[in-house]
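*Asks:* Structure here, sequence nowhere to be found:
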């Protein structure tokens with residue numbers, strides 16, 4: 001494992017974030033499957049040492065003997081309480097503001113960085129679709145304050161109450177594609193054709209780009225940031241409005257697209273599978289083959305568990321008992337016994353969401369009651385809050401609350 005203070009040679013890297021041990025199994029399996037399909041491209045695991053315990057950190061070190069991992073401590077980025085209401089739709093988004101620390105990793109020496117959410121798994125090599133000359137030409141164009149990502153899917157076929165009325169299939173960029181190789185254009189008509197999902201995005205790291213993001217963050221102000229439904233995604237769409245180009249759906253394939261977008265989905269063409277809403281490691285696939293909070297995701301959740309079993313088999317042979325024990329603590333038992341700590345990311349994920357009607361929040365909800373995780377103590381960290389050694393450790397983010 002590369003030391004968190006040491007630059008890693010090479011041009012490209014992927015980055016993810018761990019702020020709580022409930023995502024440990026997801027991050028470890030992301031590293032395992034990325035190394036399987038793109039072994040020369042490291043995964044930088046940024047983590048918050050005040051909330052990620054010693055056992056989780058030891059798991060990173062143990063897994064790094066087999067997967068290409070670099071660890072990097074970062075400081076939490078949360079918005080201060082100022083009396084205004086949280087707009088975020090669910091408590092699992094509490095820590096996603098910390099993703100913005102990714103723009104401060106320019107000091108690691110990579111030419112290209114690609115963010116991947118920790119609830120993703122790799123099923124084929126995404127690097128040729130992400131790191132290539134055509135994408136470089138776009139990212140280097142204009143004033144170079146640009147990123148590339150995949151369009152947001154606005155079909156809302158499950159009729160989630162938080163979604164605005166404009167979220168219908170005809171306004172989804174993917175609906176109008178004829179086959180799996182097409183990539184939608186970015187336009188502002190309709191508005192949804194100009195919006196992206198922040199689960200995967202690639203950029204050229206630089207101090208100038210970091211300063212650009214920070215300036216937009218400070219310009220919007222705390223009240224407006226707190227009102228956003230999907231931090232960090234809503235913020236990044238504001239910051240990079242008309243400054244982004246689309247990647248292939250294969251680099252951020254939401255699990256629901258397998259049945260929402262059969263016009264493009266091909267199982268063996270998926271590069272990065274995004275396990276939105278409930279996470280597969282939080283519950284086993286039921287005997288009838290169903291999984292997911294609506295019971296529709298048995299197939300894709302089974303794919304995750306198959307890779308988990310492959311990972312387990314390898315680590316058993318390598319006698320990594322401590323690593324196996326730590327990760328299994330945050331993955332559902334074979335008995336199907338439910339872990340209370342995993343409910344907010346498992347089948348009960350939507351129970352931890354606010355209540356909306358026609359895309360508007362129902363009045364009378366208290367933020368702290370609605371988001372109990374804001375009040376809940378987390379695992380004792382293996383180290384103190386990280387400060388100093390550059391703005392990536394907290395300096396400059398004036399609205400930051402550790």
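*Replies:* Ah, there it is. The structure presented is a predicted model; accordingly, all values stated were derived computationally and were not measured. Residues are numbered from 1 along each chain as shown.
*Asks:* From residue 15, how far off is residue 38?
*Replies:* 14 Å (Cβ to Cβ, to the nearest Å). Where C-beta positions appear, they are placed from N, C-alpha and C, glycine not excepted.
*Asks:* Same check on residue 196?
*Replies:* Distance, residue 196 to residue 15, using Cβ to Cβ: 17 Å.
*Asks:* what's residue 272 sitting at in phi/psi?
*Replies:* phi -120, psi 110 (degrees, to the nearest 10).
*Asks:* repeat for residue 71
*Replies:* Note on residue 71: backbone dihedrals following degrees, to the nearest 10 are phi -100, psi 150.
*Asks:* Quickly list what it is bridged to.
*Replies:* Beta-bridge partners of residue 71, counted by DSSP bridges, are residue 45.
*Asks:* which residues sit in contact with the residue nearest the centre of the chain?
*Replies:* In the chain, the residue lying closest to the centroid (Cα atoms, centre = their mean) is residue 117, at 2.0 Å. Taking Cβ atoms under 8 Å, 6 or more residues apart in numbering, we find residue 117 in contact with 16, 199, 200, 274.
*Asks:* now with 10 Å?
*Replies:* For residue 117, the contact set (Cβ atoms under 10 Å, 6 or more residues apart in numbering) comprises 16-17, 23, 26-27, 30, 96, 99, 197-200, 252, 272, 274-276.
*Asks:* quick one: residue 320 and residue 328, what's the gap?
*Replies:* 11 Å.
*Asks:* shared neighbours of those two, which are they?
*Replies:* residue 312.
*Asks:* Looking at these two, which one has more neighbours?
*Replies:* residue 320 (19 against 15; other Cβ atoms under 10 Å).
*Asks:* ok now do that one, which residues does it touch?
*Replies:* Here residue 320 is in contact with 59, 62, 63, 65, 66, 312, 314, 326, 327 (Cβ under 10 Å, 6+ apart).
*Asks:* got the phi/psi numbers for it?
*Replies:* According to degrees, to the nearest 10, residue 320 has phi -90, psi 60.
*Asks:* ok, how many other residues are close to the closest residue to residue 253 other than its chain neighbours?
*Replies:* Once flanking residues are discounted, residue 253 sits nearest to residue 270: 4.8 Å by Cβ to Cβ, 6 or more residues apart in numbering. Residue 270 has 24 neighbouring residues, counting by other Cβ under 10 Å.
*Asks:* I'd assumed residue 300 was in contact with residue 270.
*Replies:* Yes - Residue 270 lies in contact with residue 300 (Cβ atoms under 10 Å); the separation is 8.9 Å.
*Asks:* Now the common contact residues for those two.
*Replies:* Common neighbours of residue 270 and residue 300 are listed as 121, 123, 253, 255, 257, 258 (criterion: Cβ under 10 Å, 6+ apart).
*Asks:* so what's the second one closest to, chain neighbours aside?
*Replies:* The shortest distance from residue 123 to any residue that is not its chain neighbour, by Cβ to Cβ, 6+ apart, is 4.9 Å, and that residue is residue 270.
*Asks:* quick one: which of the contacts of residue 320 is nearest residue 225?
*Replies:* residue 59 (32.4 Å; Cβ to Cβ).
*Asks:* Tell me the helices and strands packed up against whichever helix or strand that closest one is part of.
*Replies:* Using DSSP states H and E, residue 59 maps to helix 54-63. Here helix 54-63 touches strand 12-18, helix 24-37, strand 43-47, strand 69-73, helix 298-317, helix 321-329, going by 3 or more Cβ pairs under 10 Å, 6 or more residues apart in numbering; DSSP states H and E.
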